[in-house]
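Asker: Predicted coordinates and the sequence they were generated for:
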There are 2 protein chains.
Amino acid sequence: MSVTSPSHASAHPDYQNVLTLLKDALGDAVSTESGDLEEARADKSGHVSGSAPLVVVTARSIEDVQATLRIATQTGTPVVARGAGTGLAGGAIAEAGQIVISTLAMNRLLEVSIDDELAVVQPGIINAELNEQLEPHGLWFAPDPASRAISTVGGNIATNAGGLLCAKYGVTRDAVLGLKVVLADGRLLELGHRTVKGVTGLDLTALMVGSEGTLGVIVEATVKTRRLVAGPVAVISANFSTVDDAARAAAVITSSGLHPAIMELIGESAMAGIAAHLGIDHPGGSQLIIQADGPGAQTEADAIVAVIRSLGGTADLSLDREEGERLFAIRRSFHPAMAALGTVLIEDVCVPRSALPAMFAAIGEIEAKYGISIPTVAHAGDGNLHPNFILGDTGEVPDEIWSAADEMFLAALRLGGTLTGEHGIGILKRRWLRDELGDDQLALQEQIKAVFDPQGILNPGKVF
Amino acid sequence: MSVTSPSHASAHPDYQNVLTLLKDALGDAVSTESGDLEEARADKSGHVSGSAPLVVVTARSIEDVQATLRIATQTGTPVVARGAGTGLAGGAIAEAGQIVISTLAMNRLLEVSIDDELAVVQPGIINAELNEQLEPHGLWFAPDPASRAISTVGGNIATNAGGLLCAKYGVTRDAVLGLKVVLADGRLLELGHRTVKGVTGLDLTALMVGSEGTLGVIVEATVKTRRLVAGPVAVISANFSTVDDAARAAAVITSSGLHPAIMELIGESAMAGIAAHLGIDHPGGSQLIIQADGPGAQTEADAIVAVIRSLGGTADLSLDREEGERLFAIRRSFHPAMAALGTVLIEDVCVPRSALPAMFAAIGEIEAKYGISIPTVAHAGDGNLHPNFILGDTGEVPDEIWSAADEMFLAALRLGGTLTGEHGIGILKRRWLRDELGDDQLALQEQIKAVFDPQGILNPGKVF
């Protein structure tokens, strides 16, 4: 097998040769139709790559992925693995000269084990569809990114997706037991176990979770499932006059030892935007929407209501599932409400949850300094905020907005937080990676990347 | 700084020079007393290295660890990081020409945050002492290896220790948010976050957990804590005529959707050994000792008792804490009972919990084939078995016993399990590492090890 050096490859690859090799090996799975190529230039971040990729391979099997990567290595052609394209950091967008491997057609649930509380899935299965298929077995898959109706489990794993339930039920990494991964040169690797415990060698399963397509292509996953939570579900909707009051209440709830399954905070301008979008009356102020579940749901909900009222908030408690859904619909209307205003840059800082009030204060200062509104929602139970920068008609982020975002990232780091809680680095946050990791750790990470991908063909320009 | 190549260094290090450099830099922290050196030859596995190490450095600070590693790199001298020496795989034992860095004196709890449910600790703090110091804050640290009274949190992290509570409360990896690590060349690295979520770059925190001293020396950890579990604790002691019946009952309990906090299975010969050691009456057969906690404890315990009785077992249920402790004392007497019989090789296979009956059957076949008794206990909730090989007076494991262990490991792998659920590879299981990982993954792991430790001075001969 002849190996072309990456610098040579990216400078002058023989694209026609790459296409011929792919078509000979993969036939119908290979597309150069402009619609397919254009789609792969974008994700849900609003960012679009500067040019269309060379080709999209819609893999039907692990063997298809292996064949594609063998050709990529042989010809030194960059590869971008892609699920449903719902990322928010540009991690799965592709540009000229790149092969896109789509795993969307590898979308089957391969196995459910009720006894071992696990499922084996192909990477292209949609998160919500997996949960629909698990439900008759009395099981569910806990990672619940807001994109769960449209994002793939493979993508959830590649970004270590979070969601609303993480404070109580963990992030994606906590739900992954084992992975099958195709390496850059086409070899298939089996990582991890079907067991909860296992300490044989280094934990490459955990290393792969959140690696954003830079180490290999995830082609199968063994994931933990949980029993459906029995008992009532209590939903509390609370209103506070300021976001600071709401954030303090959220902090007091958790520091009181209460563990709601979900605790969503909606800032003042975010709430106003939702109310305008839905055409509903809103008294002003900030909302907390909280869900308690499990056998202690009612007790916990009563205690949460007491905390809210003691801190000057108003609270409505419902044990009715439909009414609870209606209350959460407010929160779920946030992204549509923002999208109606134009292109939006959805940020994703995360701070220790005790620092939530301080982070909201920092965002308020940035709003004042730049004369902009930054509507913000937060997964308050785990300190993860999504400040939204409204860009209007422009697809690209103006420098002024990046300056404001820069101040926000540095504020999160100063508070002991991170610049991305659940979206990943992708292409949009690369410039801050060094700020958080430091020179030494970044160098180590780049060396580990090189161990997996010596030619540098896996998702080049992303993360690192 | 002159760097000696590893092959040269391990062949002819200038030991006197190493000692002089260490004493000049670290003074009283440096010991060459034979008692200290002898102690570092062994751990709780029964295995003893062939010779005493060069020196033991009892680090008092991160700076001490950095100074030691700088000298080790400069002189190409191997380094073994060591906590309380309670490992069961020979992972922290040292031999001639090696520097031992003990973290036992770095044993302080540095910070407790009730609001963020985390603690910052030095690596040498004993697991049980951390829990004693957390208790007044209403918090606890969930990882609970059976060695918790004597093992350090740093050692727990280095081996990704398990314990009794893992099925419900997770393994050590799930409880580690961030780490400070000193690299082989003395540089200090800060990994991870104070937040539950965070996806900036590769997850080196998770990679470090369970790396058994081969990638760096853990000098500080930010760990998740949990609220003390309120409400009653229910303990059930169940007797079955055979271990197969007990294992099936354990599998039915979990597949019924019940989640006991602890479910310990004691095999027939293990139970007979405990009864003989304690001088108590025992009707024969196998025991399950189960604990349910939280707000649903009583309901869950009643359901568990019903399952046990429906499967032909007898069950005693107690909601009294002292009586519960007494029931668990039976399980805790297992290791002393075995130790009284001489040196013991404590194995640690883990299988999907539905495969527990099959794994017990495989052990029974190995007992018959080799004409030996293999007393076995299991953390039945997570499929982790500890088969014990009684060696009598000999310190070394006879080949015949390794052959039996070999068959046991391969049986666990065939059942979809792993050769070590919570003890690690260390020195004792290296020969089976390739069987589980395969050539490709092992090669990748060795390359990652080389990224962190290019000279190969960190715990050489362990794991890899």
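Answerer: Yep, that arrived.
Asker: Give me the neighbour count for residue A:390.
Answerer: 18 (other CB atoms under 10 Å in any protein chain shown). For every residue, glycine as well, the C-beta is placed using N, CA and C.
Asker: same deal with residue A:336?
Answerer: Applying the criterion other CB under 10 Å, we find 11 residues in the vicinity of residue A:336.
Asker: just checking, it touches residue A:277?
Answerer: Yes - under the criterion of CB atoms under 8 Å, residue A:336 lies in contact with residue A:277, with a separation of 6.6 Å.
Asker: How about residues contacting the biggest helix by length in chain A?
Answerer: In chain A, with assignment by DSSP state H, the single longest helix is helix A:430-452. Helix A:430-452 is touched from outside by A:183-184, A:207, A:214-216, A:406, A:409-410, A:413, A:418-419, A:425, A:456, A:458, A:461-464, B:183, B:187, B:189-191, B:200-202, B:204, B:444, B:447-448, B:451-452, with contacts defined as CB atoms under 8 Å, 6 or more residues apart in numbering or on different chains.
Asker: can we see that at 6 Å?
Answerer: Under the contact criterion CB atoms under 6 Å, 6 or more residues apart in numbering or on different chains, helix A:430-452 has outside partners A:214-215, A:409, A:419, A:425, A:464, B:187, B:189, B:200-202, B:447-448, B:451.
Asker: Also stretch A:15-33?
Answerer: Contact partners of stretch A:15-33, identified using CB under 6 Å, 6+ apart, comprise A:54-58, A:64, A:67, A:71, A:75, A:77.
Asker: mind running it again at 8 Å?
Answerer: When contacts are defined by CB under 8 Å, 6+ apart, stretch A:15-33 is touched by residues A:37, A:54-60, A:64, A:67-68, A:71, A:74-75, A:77, A:97, A:99.
Asker: Buried ones in it, by neighbour count?
Answerer: Residues of stretch A:15-33 classed as buried: A:18-19, A:21-22, A:25-26, A:29-31 (neighbour count, 16 or more other CB atoms under 10 Å in any protein chain shown).
Asker: same deal with stretch A:144-159?
Answerer: Going by neighbour count (16+ other CB under 10 Å), the buried part of stretch A:144-159 is A:144-148, A:150-159.
Asker: Which ones, among the residues you listed, also lie beside chain B?
Answerer: Near chain B, judged by CB under 8 Å from any CB of the partner chain, the entries from those are residue A:159.
Asker: Pull the most distant pair out of the buried residues of stretch A:144-159.
Answerer: The largest separation in these, counting by CB to CB, is between A:146 and A:154 at 17.5 Å.
Asker: Hmm, residue A:122 and residue A:110 touching each other?
Answerer: Yes - applying CB under 8 Å as the test, residue A:110 and residue A:122 come out as touching, 6.5 Å apart.
Asker: and for those two, which residues touch both?
Answerer: With the criterion set as CB under 8 Å, 6+ apart, the overlap between the contacts of residue A:110 and residue A:122 is residue A:220.
Asker: The two: who's more crowded?
Answerer: Neighbour totals were compared for residue A:110 and residue A:122, and residue A:122 leads with 24 against 13 (other CB under 10 Å).
Asker: which residues does that one contact?
Answerer: Under the criterion of CB under 8 Å, 6+ apart, the contact partners of residue A:122 comprise A:103, A:106-110, A:154, A:219-220.
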